[in-house]
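Participant: Fold the following for me, if possible:
(one chain, ligands or ions: 1)
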Amino acid sequence: MHTVRRAAFAALATLFLVAACGDAESAPAATGGAAPAPAAAPTPAEDANIIEIRMTNRGGGAFEPAEVTAGPGDVLRFVNVEGVHNISFPADRNPSGIDLPAASPYLTSGGQTHDVVLPEVPGEYFFQCDPHVPVGMVGSVTVQ
Ligand SMILES: [Cu+2]
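Facilitator: Sure, this is the predicted structure:
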């Protein structure tokens, strides 16, 4: 009995590790079969591109690059290089009627990342680091 439970736990733990370590490139293309259940928060598609944007203290605070082009559902991966930054998509500078990505928490140490799944609706979206707007820490992504 205990052995069976231990085996079941090990299998669950393995599943969890695989899920935690999985990435889009190593996952085989799954076609057919059951569609994934709809999630409350958008999750990246298996074929989503990941676009890295570094956050630095250059000039007081900067996104590098500050302007990128992406496809619907692609992922912006914000990488904190130095300093303390966040990422928000202000409603007053973005298209209305779209579920904009929620503001991130503050990233406080080097190497921290925050992923944003882009809207499916083409357009230009503006993002900013709230405390560093005065020094021009703003950026935009064009979803084609
Ligand atoms: Cu900042």
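Participant: switch to C-alpha atoms for all contacts and neighbour counts from now on
Facilitator: Will do.
Participant: lowest-pLDDT helix or strand in this structure?
Facilitator: The weakest-scoring helix or strand in the chain, judged by mean pLDDT, DSSP states H and E, is helix 2-21 (a mean of 43).
Participant: Which strands border the next helix or strand after it, and is each parallel or antiparallel?
Facilitator: Where DSSP states H and E defines the elements, the next helix or strand beyond helix 2-21 is strand 50-56. Using DSSP bridges, the strands paired with strand 50-56 are strand 62-64 (antiparallel), strand 75-80 (parallel).
Participant: Can you tell me which residues in the chain are near the ion?
Facilitator: G61, H85, C129, H132 (C-alpha under 5 Å from the ion).
Participant: okay, now the first one: neighbour count?
Facilitator: I take that to be G61. With neighbours defined by other C-alpha atoms under 10 Å, the count for G61 comes to 22.
Participant: my read: it touches P131, true?
Facilitator: No: counting by C-alpha atoms under 8 Å, G61 stays clear of P131, with 9.2 Å between them.
Participant: Fine, thanks again, bye for now.
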